[in-house]
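*Asks:* here you go, sequence then predicted model.
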Amino acid sequence: MDSKFNEEFARFSDQGFIKTSDFPMQNLDSEKKALLNRKGNEFFNTGDIESARRIYITTGYSDGLSRVGDVYVSKGRELDALKLYWLAHNKRKADPLIQKLARIIETVTEL
């Protein structure tokens, strides 16, 4: 388990868990946000999850961020999902992942 733990967190060692560039742009008007979110939904629906994620982060579209997080969970990418749930302020989906990570950390520190 220790190597899996180290492997998961090593991906963030040089940038931190949430980079400052991962927060929504403040200067987007509602019309631009709506257009971008529609484009993000098109990407998501055609399976281009990463393009959708980039748009949703830019606009701060919480539903889209949560849907991409769900895809990540289904692929075993819980840390990436947690990041998106956190940005989406989706406590209901973030909390179980936080608890799972806490159990992993607790187990590793007991070794």
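*Replies:* Right, received. Where do you want to start?

*Asks:* residue 37: what's its closest spatial neighbour, skipping adjacent residues?
*Replies:* Using Cβ to Cβ, 6 or more residues apart in numbering and skipping residues adjacent in sequence, the residue nearest residue 37 is residue 61, 4.9 Å away. In this view, the C-beta of every residue, glycine as well, is placed from N, C-alpha and C.

*Asks:* let me see the contact set for the residue nearest the centre of the chain.
*Replies:* In the chain, the residue lying closest to the centroid (Cα atoms, centre = their mean) is residue 84, at 2.2 Å. Applying Cβ atoms under 8 Å, 6 or more residues apart in numbering to residue 84 gives the contacts 53, 56, 65, 66, 68, 69, 72.

*Asks:* hmm, try it at 7 Å
*Replies:* Going by Cβ atoms under 7 Å, 6 or more residues apart in numbering, residue 84 touches 65, 66, 68, 69, 72.

*Asks:* surely the fourth one and residue 92 touch.
*Replies:* If I follow you right, that is residue 69. No - look at residue 69 against residue 92 with Cβ atoms under 7 Å: they stay out of range, at 11.3 Å.

*Asks:* okay, and for the protein, where does confidence drop off?
*Replies:* 1-26 (pLDDT under 70).

*Asks:* can you give me the helices for it?
*Replies:* 2-10, 30-45, 49-59, 62-74, 78-87, 91-110 (DSSP state H).

*Asks:* residue 71 - how many residues pack around it?
*Replies:* 17 (other Cβ atoms under 10 Å).
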